[in-house]
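what follows is a predicted structure for the sequence shown.
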Amino acid sequence: MPLAEAIAAHVHDGDTVALEGFTHLIPFAAAHEIARQGRRHLTLVRMTPDLIYDQLIGLGCADEIVFSYGGNPGVGSLHRLRDAVENHWPHRLVVHEHSHAGLANAYSAGAARLPFAVLRGYRGTDLEEQRDIISRVTCPFTGEELAAVKAVNPDVAVIHAQLADRDGNVMLWGITGVQREAVLAAKRAIVTVEEVVDEFPERTGAVILPNWVLSAVSVVPNGAWPSYAAGYSVRDNDFYQQWDAVSRDRESFLAWAAENDLKETSDV
């Protein structure tokens, strides 16, 4: 279905939304459509909330964020995220921070419909003070104390992929991150793709998501820009550099949003 219809049908105010994609296949077009439709009070989940969440936070779409690293890769801070945390602009943002391993395990637990995941981690960090998402358990077999992370089950996961077939199955390859786990953990899933094909090519290491785990597939060529889709596009490094100046100042950020028909909430 068209992307606007997919977002309207499956992303609602107050939802927990995971827009995943690691280094490439970041679903920017879908995120922008969420903003254009004025979604509010979202809890955003993402392993590496780079520019895509900086934009949604600055537009006032998010009330909470669950993440394991925040930054503009190779450039510096996320200024809209930082402004929200330090100055509550455009409004207060509740922050839940994991390690990469912790959040990946939380997605895996959610995909398995388990209440939590167990790992060796967090020891010696203040992240363990977040008792609502991180705790300690004792192994019943060895007596070892381990970290436990609460499962993540988003209301909706949104990803970008290279291909869909005419039956609605999806194929992605390259650096795959936690897209598969996010989709399987979510109640609903939207995928934007570069193109639809009659038959998938043979690709070593590719991930295929069957149509029965997906709610909507939308054809959006270059839907990962300014990130990239391996085999289809290249990363727009200039945009990542330019974003530092655009996002550093509230007025320049709002001017960018207006130029791109992105809708700020009434808080902004």
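Good, I have the coordinates.

list the contacts of residue 220.
3, 29-30, 160, 192-194 (C-beta atoms under 8 Å, 6 or more residues apart in numbering). C-beta: built from backbone N, CA, C; applies to glycine.

try residue 78
Per C-beta under 8 Å, 6+ apart, neighbours of residue 78: 49-51, 53-54, 57, 70-72, 247.

kindly report the same for residue 234.
For residue 234, the contact set (C-beta under 8 Å, 6+ apart) comprises residue 228.

just confirm it is within a helix.
No - secondary structure of residue 234 (DSSP: H, G, I helix; E, B strand; the rest coil): coil, not part of a helix.

and the pLDDT for it?
If you check residue 234, the pLDDT there is 97.

how much space separates the residue nearest to residue 138 when sequence neighbours are not counted from residue 101?
Spatial nearest neighbour of residue 138, chain neighbours left out: residue 145 (5.5 Å); criterion: C-beta to C-beta, 6 or more residues apart in numbering. To residue 101, residue 145 is 17 Å away according to C-beta to C-beta, to the nearest Å.

more neighbours: those two, which one.
residue 101 (16 against 12; other C-beta atoms under 10 Å).

show me which residues of the helix or strand containing residue 85 are buried.
For residue 85, the element it lies in under DSSP states H and E is helix 79-87. Buried residues in helix 79-87, counting neighbours by 16 or more other C-beta atoms under 10 Å, are found at 79-85.

ok, now stretch 35-44?
Those would be 35, 39-40, 42-44, for stretch 35-44 by 16+ other C-beta under 10 Å.

check stretch 203-212 too.
Buried, per 16+ other C-beta under 10 Å, within stretch 203-212: 206-207, 209.

one more: stretch 131-139?
Applying a neighbour-count criterion of 16+ other C-beta under 10 Å, the buried positions in stretch 131-139 are 133-134.

what's the end-to-end length of it?
19 Å (C-alpha to C-alpha, to the nearest Å).
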